[in-house]
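Chemist: Sharing a model that was predicted from the sequence below.
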Amino acid sequence: DQQVKQNSPSLSVQEGRISILNCDYTNSMFDYFLWYKKYPAEGPTFLISISSIKDKNEDGRFTVFLNKSAKHLSLHIVPSQPGDSAVYFCAASAQYGGNQFYFGTGTSLTVIP
Amino acid sequence: DAGVTQSPTHLIKTRGQQVTLRCSPKSGHDTVSWYQQALGQGPQFIFQYYEEEERQRGNFPDRFSGHQFPNYSSELNVNALWLGDSALYLCASNLATAGSAYEQYFGPGTRLTVT
């Protein structure tokens, strides 16, 4: 049972444009969400997070939006750079302080120079 | 400051054998989690160790077991290997205090192939 879904396996964006990566979840108990970035032959790297008490969190070029009623979150990257090309995973946790994360299947982002 | 390290990098085993994977957490971290990532899938939570005890466990059979040592390093053991156990095994560490608990740092993983 996939509780966190990333329905777009891949995304291609021109350099300088906005990249939007989407994630849906089914468990209404999830209250903390994270995005990870993964390069080949490396482990995932933490990118940005958001708790359910917020609907937006921003860190430089990266912004995560959370729509609790739709059980949907998205990651915006503006402007996109070739170095952003990687696989992006969203993850969710059901208990603040709990540490079991449920991951989506990932979206492979390619930023075209 | 060393990040999370895992050994070995790659491993080939035969069906029915047993395997042990090792993980050293990031300096200062006291909690270690293990994940299995099959090809084309996201990481699946196996279990988490804190204070040398298994604190949480995902939906994995008892063939998967682990251990955490006093220096916070950890081992993942898999018995009676199946072909379906072929995957990338990721170790992640974090410090179990509010505010940092969710920022898990991952190692590069161990690629296990079962033939």
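Modeler: Looks like it came in fine.
Chemist: tell me the mean pLDDT over stretch B:93-109?
Modeler: For stretch B:93-109, mean pLDDT rounds to 77.
Chemist: neighbouring contacts of that stretch?
Modeler: A:32, A:34, A:36, A:41-46, A:49, A:93, A:97, A:99, A:101, B:3-6, B:9, B:23, B:25-26, B:28-33, B:37, B:50, B:72, B:88-92 (CB atoms under 8 Å, 6 or more residues apart in numbering or on different chains). The C-beta positions use only the backbone N, C-alpha and C, and glycine is treated the same way.
Chemist: I'd assumed B:K26 was in contact with B:S73.
Modeler: No - taking contacts as CB atoms under 8 Å, B:S73 lies outside contact range of B:K26: 11.3 Å.
Chemist: Neighbour count for the two, which is higher?
Modeler: Using other CB atoms under 10 Å in any protein chain shown as the criterion, B:S73 and B:K26 rank with B:K26 on top: 20 against 17.
Chemist: for the residue nearest in space to the middle of chain B, what are its contacts?
Modeler: Nearest to the mean C-alpha position of chain B, by CA atoms, centre = their mean, lies B:W34 at 2.9 Å. Contact partners of B:W34, counting by CB under 8 Å, 6+ apart, are B:C23, B:F45, B:I46, B:F47, B:Q48, B:G66, B:S74, B:L76, B:Y89, B:L90, B:C91, B:A92.
Chemist: Sort out which residues of stretch A:28-38 are buried, please.
Modeler: For stretch A:28-38, the neighbour count (16 or more other CB atoms under 10 Å in any protein chain shown) marks A:F30, A:D31, A:Y32, A:F33, A:L34, A:W35, A:Y36, A:K37, A:K38 as buried.
Chemist: then that stretch to PDB, C-alphas only?
Modeler: This file holds the C-alpha atoms of stretch A:28-38, laid out as PDB (Å, rounded to 0.1, in the frame of the first residue of the first chain):
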ATOM      1  CA  SER A  28      -4.300  12.000   7.100                       C
ATOM      2  CA  MET A  29      -2.200  11.300  10.100                       C
ATOM      3  CA  PHE A  30       1.000  12.500   8.300                       C
ATOM      4  CA  ASP A  31       2.100  15.700   9.900                       C
ATOM      5  CA  TYR A  32       5.600  16.200   8.700                       C
ATOM      6  CA  PHE A  33       6.900  16.100   5.100                       C
ATOM      7  CA  LEU A  34      10.300  16.200   3.600                       C
ATOM      8  CA  TRP A  35      12.000  16.400   0.200                       C
ATOM      9  CA  TYR A  36      15.200  14.600  -0.500                       C
ATOM     10  CA  LYS A  37      17.500  14.800  -3.500                       C
ATOM     11  CA  LYS A  38      19.400  11.900  -4.800                       C
END
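Chemist: List the contacts of that stretch.
Modeler: For stretch A:28-38, using CB under 8 Å, 6+ apart, the contacting residues are A:3, A:21, A:23, A:25, A:44-52, A:62, A:64, A:66, A:71, A:73, A:75, A:84, A:86-96, A:101-103, A:106, B:102, B:106.
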